[in-house]
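**Q** What would the 3D arrangement of this be:
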Amino acid sequence: MTQTYPKKRLSIIIEAPFLNRLLDLLDGLDVPGYTALPALAGRGKSRSWRRDALSSDAGRMVQVLIVLDQGKVPAVLQEIRTVLDQQIGIVTLSDVEVLRPELF
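**A** This next block holds a predicted model:
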């Protein structure tokens, strides 16, 4: 069996207009990398939405994924909170296994 290594996966869902602010913050932190993806549809407390039905970026959401060592998580979360305290955002943290730990 191929050996895997434990890491943490941080998922951040944020409104598209705030993406660059979040990415600038991540670029200054000790994270090995990230991937930003468009969110196509969703449902929150008040309503459902679909990306193609929105007329501006204001309601569009994006997801940023980060895989990193457990030891880096507290500092990264503390900094991310400075961006998310001022707007809509969801952060989840989960355990993952990776094949190449040197990348993370």
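
**Q** which residues in the protein form strands?
**A** Chain-ordered strands for the chain, with DSSP state E as the definition, fall at 5-15, 35-38, 41-43, 48-50, 61-68, 89-98.

**Q** Would you list the strands that the fifth one pairs with, along with their directions?
**A** For strand 61-68, the pairing partners within the sheet under DSSP bridges are strand 5-15 (antiparallel), strand 35-38 (antiparallel).

**Q** who's in contact with the longest one?
**A** Residues outside strand 5-15 that contact it (Cβ atoms under 8 Å, 6 or more residues apart in numbering): 22, 39, 42, 57-70, 73, 76-77, 80, 83-84, 87-99, 101, 104. Heads up, the C-betas are built off the backbone N, CA and C, glycines and all.

**Q** Low-confidence ranges, this structure, go.
**A** In the prediction, the chain carries residues with pLDDT under 70 at positions 47-59.

**Q** mind checking the longest helix of it?
**A** As assigned by DSSP state H, the longest helix anywhere in the chain is helix 73-84.

**Q** Can you name every helix or strand that that helix contacts?
**A** Counting by 3 or more Cβ pairs under 8 Å, 6 or more residues apart in numbering; DSSP states H and E, the packing neighbours recorded for helix 73-84 are strand 5-15, helix 19-27, strand 89-98.

**Q** Buried by neighbour count, from the contacts of strand 5-15: which ones?
**A** When burial is judged by neighbour count using 16 or more other Cβ atoms under 10 Å, the buried members of the contacts of strand 5-15 are 22, 59-64, 66-68, 76, 80, 83-84, 89, 104.

**Q** Let me have the helices and strands packed on helix 73-84 in a markdown table, adding distance to residue 35 as columns.
**A** Formatted as a markdown table, the entries for the helices and strands packed on helix 73-84 read as follows, by distance: least, Cβ to Cβ, whole Å:
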| stretch | distance to residue 35 |
| --- | --- |
| strand 5-15 | 10 |
| helix 19-27 | 11 |
| strand 89-98 | 13 |
